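Novice: Below: sequence and its predicted model.
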Amino acid sequence: MNLKRSCRVGCAFAFSLALFIPNIATAQSAPQPSADSALPSLFIVGDSTANVNGDPADGAKRRVGWGTPFAVYFDPAKIRVVNAASAGRSSRTYMQEGKWQAVVDQLQPGDFVLIQFGHNDGGSPTDPPARGSLPGIGDDTQEVTHPDGTTEIVRSFGWYMRKYIADARAKGATPIVLSVTPRNIWTDGKVEPGLGQFREWAAQVAQQTRADYVDLTGIVVREYQTLGPDKVAAFFPLDHTHTDADGAALNARSVVAGLKSLADTPLTAFLSAQGDAVASTDEAALALPANPRLRTLWIIGDSTVRNGQGDGANGQWGWGDEIAPYFNTAKINVVNRALGGRSSRTFYNFLWPTVLAMIKPRDVVIMQFGHNDSSPLDDTARARGTLPGNGDETREIDNPITRKHEVVHTFGWYERQMIEQAQAKGATSIVCSLIPRKTWQDGKIVRADYAEWARQAAQQDHALFVDLNAIIASQYDTLGPDKVEGFFGDPNTHTNLAGAKMNAESVIEGLQGLPHDPLKKHLSPAGKAVKPWREGAVWSQSTASAAP
């Protein structure tokens, strides 16, 4: 069985149990927000799937939006939770009717806004109820005339979402984009994976604007698949879109799980005891060794190593999810613990302790960081940057995300801590320089400073080093811009499946070129077929196609 897929099934089942263990009735009795204006606020902006706005109760089968039980997961002494979602609204009409301006007028620096639209955006821009936005995320427009003679310039779904994000930031608030809740629509035993392209467009806007993003669709779909059609049908007593109280509780907990998995977890400080008890999607979806008796290859890094949930959402894949076929998984566990959005600093501070606790003697740790380390040290969005270089320089900050005083170190310092701590557990550390971005200068791919700093950290602590940046950049140089374009799932950073497979094979090429490759005897036939990297070599896809 494919190791990656088997882990996903088991972990999804564990998360499902975590969703339903708490008493759902308790989740409905959310505390009232404090009237203390000094507290930060968390606003929910969306449609009826978050707030049915006091629609008729429908007897004992009342429709409930996830925003109703959501507040119970936050401490009312620390933050106000305001459900400002409105039934029947699209990204366009919520703004057009002044509902968004009413939220903006209340926003204060330090507030948060959860933005979720899509269910009502797919309708006609002109036919009643005339709430549809234009498809896509572009800047196209359409002028429409309403029955009362007034005109309106209708814009794309993405344009409205960018407007919400920009307006929130202008008030000093943090916007967080959520994809739509999934509907109870099944085909061939699988639940609908999204609402047309609205899930994809929400993710693209978040990436385009560098806003935090929770793939609520993906989280809930995995839960539904585990529960099956019959149990999920009970959540939808009236239609395929609106949940009852139990379905709303599942969705609310899924939102909290997604929020807890954001880089630097900006809302963790405000959670109640019930919020603390929710398993993050990191904890639920990350793989564990399939056979604890075997040696384990641990892979850690950022989204270029494991993108999203590692399922190819938005056509983007990390190389860590494509490397297992090059190993004999009957002899070694291959566990990808990389997570998107992390720098060497935030991985070390928040995720490394869990990995370190599981490392055994003779294990191997491959690490690749650098893409997010050039970010600001103390911005209110991520606070994930590191100091440049490999030295021992430090800078003290008050971290606006964790709300704690923190001493920030250099990129190399964080890498050296992980190298040394893994070695102290009897494991072998292998440092990879970061994969290159698709940035061309004078006909060649630009090499990254972080590659040299990674080399220095490895040399200083006597770790093995694979110059992945140089290996892949050299292949890109040889292939040229037109062919390299086909390896990417976004403008210049995240690879598609073909690019991830090429990068995974490049890691194997780098390992084969080491004076002593600690993983050589664990390679599969596909892995053994890979030759050590040499300058000018070009990936032919022949090895990848032979991988099981």
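Specialist: Nice, I can see it.

Novice: In the stretch 151-300 of the chain, mark out all the strands, start to finish.
Specialist: 151-155, 174-178, 186-187, 190-191, 212-214, 295-301 (DSSP state E, counting those that start in this stretch).

Novice: Sketch out the low-pLDDT regions of the stretch 201-350 of the chain for me.
Specialist: Applying pLDDT under 70 to the stretch 201-350 of the chain flags the ranges 263-265, 282-286.

Novice: Okay, helices next: where are they in it?
Specialist: With DSSP state H, counting those that start in this stretch as the criterion, the stretch 201-350 of the chain has helices at 216-227, 229-233, 245-260, 273-277, 281-285, 344-346.

Novice: Let's have the ones you listed in TSV, adding distance to Ala77 and mean neighbour count.
Specialist: From N, CA and C alone the C-beta is placed, and that goes for glycine too. TSV is the format used below for the helices of the stretch 201-350 of the chain (distance: least, CB to CB, whole Å; neighbours: other CB atoms under 10 Å):
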stretch	distance to Ala77	mean neighbour count
helix 216-227	27	24
helix 229-233	36	14
helix 245-260	18	25
helix 273-277	12	15
helix 281-285	26	22
helix 344-346	27	29
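
Novice: which residue is nearest the centroid of the protein?
Specialist: Closest residue to the average C-alpha location of the chain: Gly308 at 4.0 Å, with CA atoms, centre = their mean.

Novice: can I assume that one is in contact with Gly340?
Specialist: Yes - under the criterion of CB atoms under 8 Å, Gly308 makes contact with Gly340 at 6.2 Å.

Novice: could you dump the strands of the stretch 151-300 of the chain to JSON lines with distance to Ser91?
Specialist: Compiled in JSON lines, the strands of the stretch 151-300 of the chain are given as follows (distance: least, CB to CB, whole Å):
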{"stretch": "strand 151-155", "distance to Ser91": "9"}
{"stretch": "strand 174-178", "distance to Ser91": "11"}
{"stretch": "strand 186-187", "distance to Ser91": "27"}
{"stretch": "strand 190-191", "distance to Ser91": "24"}
{"stretch": "strand 212-214", "distance to Ser91": "15"}
{"stretch": "strand 295-301", "distance to Ser91": "34"}
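
Novice: what about those strands, which gets the closest to Gly247?
Specialist: Nearest to Gly247, of all those, is strand 190-191, at 12.8 Å by CB to CB.

Novice: what's that closest one packed up against?
Specialist: Contacts defined by 3 or more CB pairs under 8 Å, 6 or more residues apart in numbering; DSSP states H and E place strand 190-191 against helix 216-227.

Novice: Centre of the chain to the helix it packs on, how far?
Specialist: The chain centroid and the centroid of helix 216-227 are separated by 15 Å under CA atoms, centre = their mean, to the nearest Å.

Novice: Give me the angle between it and helix 245-260.
Specialist: If you take axes from the mean of the first three to the mean of the last three CA atoms, to 10 degrees, helix 216-227 sits at 130 degrees to helix 245-260.

Novice: now for helix 216-227, which elements pack on it?
Specialist: Helix 216-227 sits against helix 3-20, strand 190-191, helix 245-260, with contacts defined as 3+ CB pairs under 8 Å, 6+ apart.

Novice: Please verify my assumption that Arg131 contacts Ser91.
Specialist: No - in terms of CB under 8 Å, Arg131 does not count as a neighbour of Ser91; the distance is 9.3 Å.

Novice: So for those two, which residues contact both of them?
Specialist: Common contact partners of Arg131 and Ser91 (CB atoms under 8 Å, 6 or more residues apart in numbering): Asp121.

Novice: Leu434: neighbour count?
Specialist: Residues within reach of Leu434, counting by other CB atoms under 10 Å, total 23.

Novice: OK, contacts around it?
Specialist: By CB under 8 Å, 6+ apart, the residues touching Leu434 are Thr304, Gln368, Phe369, Gly370, His371, Ala448, Tyr450, Ala451, Ala454, Leu468, Asn469.

Novice: beta partners for the second one?
Specialist: Read it as Gln368. Beta-bridge pairing for Gln368 (DSSP bridges): Gly301.

Novice: is it true that it touches Ala448?
Specialist: No - the criterion here is CB under 8 Å, and Gln368 misses it with Ala448 at 11.5 Å.

Novice: who has more neighbours, these two?
Specialist: Counted by other CB under 10 Å, Gln368 and Ala448 do not tie: Gln368 has more neighbours, with 30 against 21.

Novice: picking that back up, just give me the residues shared between the contact sets of Gln368 and Ala448.
Specialist: Counting by CB under 8 Å, 6+ apart, the contacts common to Gln368 and Ala448 are Ser433, Leu434.

Novice: low-scoring pLDDT stretches of this protein, where are they?
Specialist: 1-37, 54-61, 263-265, 282-286, 535-548.

Novice: Please point out which parts of stretch 418-438 sit buried.
Specialist: For stretch 418-438, a neighbour-count test (16 or more other CB atoms under 10 Å) marks 418-419, 421-423, 427-438 as buried.
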